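K.L.:
The sequence and its predicted three-dimensional model are supplied below.
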Amino acid sequence: MRVHTRHTPGFGVARVMLAPGEAVQSAAETLLASSFGVAESNPRKNGRAVFTAPAEGGWVDLAPLGPGDVYPLELTGSTGWSVHREAVLARPTTVRLDQTWAPLQQLFGADSGFLEHYSGTGPLVLAAPGPVDSFELSRGELVTVRPDYVLAYPDTLQCRLRAVDPSGPQSLRTGEGLVLDFAGPGTVLVQTRNRRVSRG
């Protein structure tokens with residue numbers, strides 16, 4: 001699976017090139033167009049569908065529901081990534097969602113937080129409401145980021161979740177009232193527009 005992007009960073013579209021019989025999973029409503037013969041499964045309960053190339057291969061064009069950037073994050077298999085729950089546009093079958101990844105369970109407890117963990121190999125296609133930027137952290141270097149702007153970060157980073165004001169409102173689901181402290185080495189990918197503000 002290869003990914004080419006266009007119209008970024010304002011109105012990004014991802015063209016996913018599929019080998020014969022290869023499949024990609026995405027929300028059904030993000031399919032803009034496909035080459036002839038690409039098969040679409042019935043959407044699952046979570047609204048996601050699987051698009052499978054015919055014997056000669058093919059492509060699908062996927063567009064986020066709102067304006068912004070699309071960013072193919074290449075997973076090499078050597079490390080996993082924590083990703084904002086609302087950021088995944090598409091993933092191949094070789095990239096898996098780790099629903100019980102222990103460090104995120106420790107971060108959020110029993111609650112369903114604003115991050116998900118992915119591992120495996122291949123391009124995980126992310127969608128962001130603004131251009132994608134990054135912080136390259138050397139060993140021991142620190143940065144604090146608001147959850148609304150966090151897009152993804154690798155397992156090489158140390159991460160701590162804390163309240164901005166312990167007496168104020170907080171939400172593990174949305175990140176309201178919280179910040180994330182990161183310690184390198186590693187790269188923190190951020191989106192340069194606030195996801196909640198962008199939704200209006």
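P.N.:
Sure, I can see it. Residues are numbered from 1 along each chain as shown.

K.L.:
In the chain, where is pLDDT below threshold?
P.N.:
When the per-residue scores of the chain are filtered using pLDDT under 70, the ranges that remain are 43-45, 110-111, 196-200.

K.L.:
Most remote residue from the middle of it, which is it?
P.N.:
Within the chain, the residue lying farthest from the chain centre (C-alpha atoms, centre = their mean) is Ser167, at 30.9 Å.

K.L.:
list the contacts for that residue?
P.N.:
Contact partners of Ser167, counting by C-beta atoms under 8 Å, 6 or more residues apart in numbering, are absent. Every C-beta, even on glycine, is put in place using the N, C-alpha and C of the backbone.

K.L.:
Report whether it is found in a strand, as I expect.
P.N.:
No - secondary structure of Ser167 (DSSP: H, G, I helix; E, B strand; the rest coil): coil, not part of a strand.

K.L.:
Report the buried residues of the helix or strand Val70 falls within.
P.N.:
Here Val70, judged by DSSP states H and E, is contained in strand 69-76. Under the neighbour-count criterion of 16 or more other C-beta atoms under 10 Å, strand 69-76 has Asp69, Val70, Tyr71, Pro72, Leu73, Leu75 buried.

K.L.:
is it true that the fourth one touches Ala14?
P.N.:
Put plainly, it is Pro72. Yes - in this structure Pro72 lies within contact range of Ala14 using C-beta atoms under 8 Å: 7.0 Å.

K.L.:
shared neighbours of these two, anything?
P.N.:
By C-beta under 8 Å, 6+ apart, Pro72 and Ala14 have these common neighbours: Val3, Thr5, Val125.

K.L.:
if we can go back for a sec, can I get the strand holding Val70 in PDB, CA atoms only?
P.N.:
Coordinates of each C-alpha in strand 69-76 appear next as PDB, following Å, rounded to 0.1, in the frame of the first residue of the first chain:
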ATOM      1  CA  ASP A  69      -4.200  18.200   6.100                       C
ATOM      2  CA  VAL A  70      -3.700  14.500   5.400                       C
ATOM      3  CA  TYR A  71      -0.500  12.800   6.600                       C
ATOM      4  CA  PRO A  72       0.700   9.300   5.900                       C
ATOM      5  CA  LEU A  73       2.500   8.100   9.100                       C
ATOM      6  CA  GLU A  74       4.800   5.200   8.100                       C
ATOM      7  CA  LEU A  75       4.900   2.400  10.800                       C
ATOM      8  CA  THR A  76       8.000   0.300  10.500                       C
END
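
K.L.:
top strand in the chain by residue count?
P.N.:
In the chain, assigned by DSSP state E, the strand with the most residues is strand 115-128.

K.L.:
Nearest to Arg195 among the buried residues of strand 69-76?
P.N.:
Compare each of the buried residues of strand 69-76 with Arg195 using C-beta to C-beta and the shortest gap goes to Asp69, at 12.1 Å.
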